[in-house]
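Visitor: here are the coordinates; sequence isn't available:
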DNA sequence: GGGAAAAAAACGAGCGCTCGCTCAAAAAAT
DNA sequence: ATTTTTTGAGCGAGCGCTCGTTTTTTTCCC
């Protein structure tokens, strides 16, 4: 435990150098555990969360969020009643309302953490990959899969409930999605410019890569049932994409 | 008009021969217009639909279904109230209930037409493609895109509301999805067996093709905004897939 | 062809219920 | 003793659904 904490504070620099290679390596770079996210959530919403003691607030928040994600992903956020949520999280109706002031706020709080996680994990690719777009593309695919693996219920929630967001939230989701796609198409454009591969249509190809990344968390159950690990999925997607863009296998590997 | 009907009854045999090439060609093979689907719907539910006159029933059904798909795809089936639906479709609450006996039945009626459409359009690939798996794969991709283009709101509905189905419906959706994937992986396996291309992992590759096909109707708005036509999307997906499975471009084209 | 009788279709207020949400009081922590 | 946290019955609104009634269409006899 102490050791793990130490290694989390002094991370290996694998992500910085652009070689993540495994889910574990990714997870030792970033703390996207339920508790850590809920702690950040508390910071961001000190004004609406009426519970004073941080350690109590974080604990209860974690139970609320976990139950919300479970119930929503099973039958939809709108179909989940707050009475169900109270039962599942072991709190009373009233207690729930010390953590959010409306059901919509709860939804937006979760969305906020998802989009913040995307920014912090994908926002700044390691500088060492600045002039190696092929490896930068791989890094993007890897990091995306490992991030969404770590926060799978969160991403599934954001994906499924996006259309129910109050307008503000829908736009945030759209912007976040376009930003990810832009990272991909930038890398692709760079690959083309350096003549490391040929891509007939950069924009459209980037658009097609997105659903490959999304499928990992949207259909997570299917892949689990078939015994596909995150690492195998990264391998498959990378191979698929690199084949599709006529990149010679082994090039710059 | 008379000419169009005649040509619909005596279709060109493009789909049968495995060359669909365009959305229009597909649509002249199969009638997946709102009215035609609602007519089939009426046949299938004569016992629950209490309206006697077929032409009245079909007209009203079309308005109900169209409004249901519009409202549901905007904010979710569960969030759509029957009062909203009554207003949008121009019927009264009571009139709605002559066409279905519960909100869940309405959902299942729509799902039924979607899964029936999949069977009839993808169920039996043209016999002429039996021993040409590369062209069969292309036919599958094309036909899937053109089918889902023609019935986009239906497919989006089925995709988004799948988890809300009463168990029976959820399994139907799952079976239908797996069947499509099986068609793809059969073609892929055949391609490999005939050594026309190399695919590292047939199952996983087939699984990755599925989200490419789904993206067309799930994110239809994005592609419309960018001016991507169904034909261009077919072209892009075909190229992407054939590149990924190391098929030489131009082979058997 | 026209008008009364019968059949079909549409109507919408109202039912029982559950929803999101509140707040006075109890319980727990300090 | 005082503050913090939790409780859960209760509120009005809105839900899916029903059914007595009205409106529209069809039938049929003269």
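Guide: Okay, I see it. Note that the structure is predicted; figures quoted are calculated from it, not measured. Numbering: from 1, shown residues only, chains lettered A, B, ... in the order given.

Visitor: residue ranges in chain A under the pLDDT threshold?
Guide: The model of chain A has pLDDT under 70 over residues A:1-20, A:247-253.

Visitor: how about the residues of it by DNA strand D?
Guide: Within chain A, the positions near DNA strand D by C-beta under 7 Å from any atom of the strand are A:50-53, A:56, A:60, A:91-95, A:97-98. Just so you know, the C-beta spots here come from the backbone N, C-alpha and C atoms, and that holds for glycine as well.

Visitor: in the stretch 151-253 of chain A, which residue sits nearest DNA strand C?
Guide: residue A:166 (11.2 Å; C-beta to the nearest atom of the strand).

Visitor: looks like that residue contacts residue A:102 (just checking).
Guide: No: shown here, residue A:166 and residue A:102 do not form a contact pair, counting by C-beta atoms under 8 Å, at 10.0 Å.

Visitor: check which helix or strand covers residue A:198.
Guide: Per DSSP states H and E: residue A:198 is located in neither a helix nor a strand.

Visitor: shouldn't residue A:75 be in contact with residue B:164?
Guide: Yes: with contact defined as C-beta under 8 Å, residue A:75 counts as touching residue B:164 (6.3 Å).

Visitor: looking at the two, which is more packed in?
Guide: residue B:164 (18 against 14; other C-beta atoms under 10 Å in any protein chain shown).

Visitor: my guess is that one meets residue B:78, correct?
Guide: Yes: with contact defined as C-beta under 8 Å, residue B:164 and residue B:78 form a contacting pair (6.2 Å).

Visitor: ok, residue A:66 to DNA strand C distance?
Guide: Residue A:66 is 18 Å from DNA strand C, where distance means C-beta to the nearest atom of the strand, to the nearest Å.

Visitor: the one helix or strand that residue maps to and chain B, any residue contact?
Guide: Using DSSP H and E, residue A:66 sits in helix A:54-75. Yes: part of helix A:54-75 sits near chain B under the criterion C-beta under 8 Å from any C-beta of the partner chain, namely A:73, A:74, A:75.

Visitor: which single one of those residues is nearest to residue A:156?
Guide: residue A:73 (5.3 Å; C-beta to C-beta).

Visitor: what about the residue nearest to the closest one when sequence neighbours are not counted, neighbour count?
Guide: Nearest residue to residue A:73, sequence neighbours excluded (C-beta to C-beta, 6 or more residues apart in numbering or on different chains): residue A:156, at 5.3 Å. Using other C-beta under 10 Å, residue A:156 has 21 other residues around it.

Visitor: tell me which element residue A:156 falls in.
Guide: Here residue A:156 sits within helix A:152-161, counting by DSSP H and E.

Visitor: which secondary structure elements does that helix sit against?
Guide: helix A:54-75, helix A:103-122, helix A:202-218 (3 or more C-beta pairs under 8 Å, 6 or more residues apart in numbering or on different chains; DSSP states H and E).

Visitor: contacting residues for the closest residue to DNA strand D within the stretch 151-253 of chain A?
Guide: Of all residues in the stretch 151-253 of chain A, residue A:164 sits closest to DNA strand D, at 14.1 Å by C-beta to the nearest atom of the strand. Residues near residue A:164 by C-beta atoms under 8 Å, 6 or more residues apart in numbering or on different chains: A:77, A:78, A:107, B:75, B:76, B:79.

Visitor: cutoff 7 Å now
Guide: A:77, A:78, B:75, B:76, B:79 (C-beta atoms under 7 Å, 6 or more residues apart in numbering or on different chains).

Visitor: and the stretch 101-250 of chain A, which residues reach DNA strand C?
Guide: Residues of the stretch 101-250 of chain A lying near DNA strand C (C-beta under 7 Å from any atom of the strand): A:101, A:102, A:103, A:104.

Visitor: show me which of the residues you listed are buried.
Guide: Neighbour counting over those (16 or more other C-beta atoms under 10 Å in any protein chain shown) leaves residue A:103 as the buried ones.

Visitor: which of the residues of the stretch 101-250 of chain A next to DNA strand C sits closest to residue B:238?
Guide: Residue B:238 lies nearest to residue A:104 out of these, by C-beta to C-beta, at 42.5 Å.

Visitor: what's the straight distance from one end of stretch A:90-98 to the other?
Guide: Start-to-end span of stretch A:90-98 (C-alpha to C-alpha, to the nearest Å) is 14 Å.

Visitor: and the closest residue to DNA strand D within the stretch 1-150 of chain A, how many residues sit next to it?
Guide: Proximity of the stretch 1-150 of chain A to DNA strand D (C-beta to the nearest atom of the strand) peaks at residue A:94, 1.8 Å away. Residue A:94: 8 surrounding residues under other C-beta under 10 Å.

Visitor: near chain B, which residues of chain A?
Guide: A:74-76, A:78-79, A:163-164, A:200-201, A:204-205, A:208, A:211-212, A:214-215, A:228, A:236-237, A:239-240, A:243-244, A:246 (C-beta under 7 Å from any C-beta of the partner chain).

Visitor: so what's the gap between stretch A:57-77 and the chain middle?
Guide: 17 Å (C-alpha atoms, centre = their mean, to the nearest Å).

Visitor: ok, and what's touching that stretch?
Guide: Residues contacting stretch A:57-77 (C-beta under 7 Å, 6+ apart): A:34-35, A:38-39, A:41-42, A:49, A:51, A:80, A:84-85, A:88-91, A:96, A:99, A:106-107, A:110, A:153-154, A:156-157, A:161, A:164, B:76, B:78, B:163-164.

Visitor: those residues, buried ones only, as a ChimeraX selection?
Guide: Buried subset of those, written as a ChimeraX selection, criterion 16+ other C-beta under 10 Å:
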select /A:34,38,39,41,42,49,51,80,85,88,89,91,96,99,106,107,110,153,154,156,157,161,164 /B:76,78,164
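
Visitor: how far away is the closest residue to residue A:152 other than its chain neighbours from residue A:157?
Guide: In space, and not counting its chain neighbours, residue A:152 is closest to residue A:217: 4.9 Å by C-beta to C-beta, 6+ apart. To residue A:157, residue A:217 is 10 Å away according to C-beta to C-beta, to the nearest Å.

Visitor: in the helix or strand harbouring residue A:24, what's buried?
Guide: Per DSSP H and E, residue A:24 falls inside helix A:23-29. By 16+ other C-beta under 10 Å, the buried positions in helix A:23-29 come out as A:23, A:25, A:26, A:27, A:28, A:29.

Visitor: from these, which is closest to chain B?
Guide: Chain B has its nearest neighbour among these in residue A:23, at 17.5 Å by C-beta to the nearest C-beta.

Visitor: who are the contact partners of the residue nearest to residue A:152?
Guide: For residue A:217, the contact set (C-beta under 7 Å, 6+ apart) comprises A:148, A:152, A:155, A:156.

Visitor: go again using 8 Å as the cut-off
Guide: By C-beta under 8 Å, 6+ apart, the neighbours of residue A:217 are A:148, A:149, A:152, A:155, A:156, A:159.

Visitor: for the residue nearest the centre of chain A, which non-adjacent residue is closest in space?
Guide: Centroid-nearest residue in chain A: residue A:148, 4.0 Å away (criterion: C-alpha atoms, centre = their mean). What sits nearest to residue A:148 in space, not counting adjacent residues and going by C-beta to C-beta, 6+ apart, is residue A:217, at 4.2 Å.

Visitor: how much space between the one you found and residue A:149?
Guide: Separation of residue A:217 from residue A:149 (C-beta to C-beta): 7 Å.
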